[in-house]
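> Just a sequence and a predicted model for now, questions to come.
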Amino acid sequence: MKKVCHYISEYMGVLVLLSAIAALAFPKVFSLVKPTMINPLLGVVVFGMGLTLKAEDFRIVFRRPKDVLIGCLAQFTVMPLLAWVLARLFALDEALTVGIVLVGCCPGGTASNVITYLAKGDLALSVGMTGVSTLLAPVLTPLLVFLLAGETVDVNVVGMLLSILWVVILPIAAGLFVKRLWPRATSAATSYLPALSTLAICAIVLIVIAANASKLMSSGLVVILVVMLHNVGGLAVGYFISSLSGMSDAKRKAISIEVGMQNSGLASSLATLHFAAYPMATIPGAIFSVWHNISGAIVARIYTKTDSNNSHPKTPIFSPSAWNRKRYKIGKGKGKFLLCVKNCRIYPRTYCL
């Protein structure tokens with residue numbers, strides 16, 4: 001059973017993509033499941049997150065406040081503003097504008113932690129940022145949506161705040177409480193949680209896309225392009241900001257991935273609850289759920305390749321106290337130089353300091 005769960009979580013991007021294709025191919029079948037099921041399914045995902053969180057995940061806020069502050073500021077400025085700019089550039093209608101702004105204003109998603117791990121980024125920073133941005137979401141998400149989309153649609157700030165508390169904060173608290181009461185049982189269940197979360201996200205994608213399949217087919221290309229640009233732009237700007245801050249490569253990867261990958265399931269949930277008059281508002285969140293898992297896997301691959309290229313420099317510098325070296329004279333006269341040999345590898349004399 002653990003092997004099956006491992007494969008489900010490992011191929012999350014593929015399964016989510018297949019779910020989207022299935023919803024487009026058989027919308028009548030999957031539209032039988034009502035959109036009201038999105039909230040319970042998201043609750044399952046967030047409850048699983050609560051079961052895996054530890055006190056150490058939040059201690060990073062006090063040990064490395066600068067890193068977390070920079071990451072969260074980027075999270076709640078880059079993605080909302082980028083969403084608003086893209087909606088204006090592509091002249092999206094009210095529903096799609098609300099949908100893409102909702103995605104941009106949501107906190108980081110739990111999938112970002114997995115991608116950061118695969119990319120060999122700073123996992124502690126990634127988990128800490130996800131936790132902090134999730135706790136900030138009940139206040140910041142409604143306010144940001146009101147500021148960026150309040151001119152065109154009615155935004156119920158208090159209602160959204162309560163919804164996030166109910167759908168996100170309460171399941172996390174319940175997960176932490178269950179973990180404290182039954183630590184052994186929770187530890188045993190941890191291996192199955194990623195697979196359960198994957199299946200829940202697939203179900204959310206199925207429900208949202210099936211309910212709007214016909215409209216998506218007519219205007220889908222533009223929405224898909226905007227979502228892709230939103231995600232890739234967030235990844236790039238997140239990396240650029242962390243680079244300007246002088247962070248290490250591992251931290252840059254973590255902030256890049258954390259900024260670019262959103263809790264798009266929450267965006268679809270909020271769209272269903274508070275923007276029912278705009279059914280297409282749920283679509284950007286569903287497409288983002290599909291795309292950011294695919295782009296995340298690609299980015300992780302790129303980042304790990306960068307690591308492998310830089311991990312074996314052709315002319316490394318070694319300290320003379322670290323090893324006994326042998327010197328060999330090569331050539332004669334002005335062309336003569338020294339080589340040092342260590343473990344069958346040859347380095348120019350200038351690097352044997």
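Arrived safely. Residues are numbered from 1 along each chain as shown.
> what about the strands in this structure?
Listed in chain order, the strands of the chain (DSSP state E) span 326-330, 337-342, 345-348.
> and the last one, average pLDDT?
Summarised as a single mean, pLDDT over strand 345-348 is 43.
> Which helix runs longest in this protein?
Assignment by DSSP state H gives helix 213-244 as the longest helix of the chain.
> domains of the chain?
2-310, 316-353 (automatic domain parsing).
> taking those together, which one is wrapped up most tightly?
domain 2-310 (a mean of 20; mean count of other Cβ atoms under 10 Å). Using the backbone N, CA and C atoms, a C-beta is placed for each residue, glycine as well.
> Just the mean pLDDT for it, thanks.
Per-residue scores along domain 2-310 average to 87.
> Quick one: residues contacting the residue lying closest to residue 208 once chain neighbours are set aside.
Leaving aside its sequence neighbours, residue 208 sits nearest to residue 286 (Cβ to Cβ, 6 or more residues apart in numbering; 3.8 Å). Residue 286 sits next to 20, 204-205, 208-209, 264, 268 when contact means Cβ atoms under 8 Å, 6 or more residues apart in numbering.
> if we can go back for a sec, show me what the longest helix of the chain is packed against.
helix 12-25, helix 65-89, helix 94-105, helix 249-260, helix 283-310 (3 or more Cβ pairs under 8 Å, 6 or more residues apart in numbering; DSSP states H and E).
> you'd agree residue 198 is up against residue 9?
Yes. Assessed by Cβ atoms under 8 Å, residue 198 is found in contact with residue 9 at 5.4 Å.
> the helices in the stretch 101-250 of the chain, which residues?
111-118, 123-149, 157-164, 170-181, 183-189, 193-211, 213-244, 249-260 (DSSP state H, counting those that start in this stretch).
> Run the chain-centre distance for the longest one.
Taking Cα atoms, centre = their mean, to the nearest Å, one finds helix 213-244 lying 13 Å from the centre of the chain it belongs to.
> now the fourth one
The chain centre lies 23 Å from the centre of helix 170-181; the measure is Cα atoms, centre = their mean.
> what residues does that helix touch?
Under Cβ under 8 Å, 6+ apart, the answer for helix 170-181 is 43-44, 46-53, 134, 186.
> nearest to residue 98, of these?
Proximity to residue 98 was ranked across these by Cβ to Cβ; first place goes to residue 134, at 21.3 Å.
> In contact with the nearest residue to residue 117 once chain neighbours are set aside, which residues are there?
Computed as Cβ to Cβ, 6+ apart, the closest residue to residue 117 that is not its neighbour in sequence is residue 123, at 5.2 Å. With contact taken as Cβ under 8 Å, 6+ apart, residue 123 is in contact with 113, 116-117, 254.
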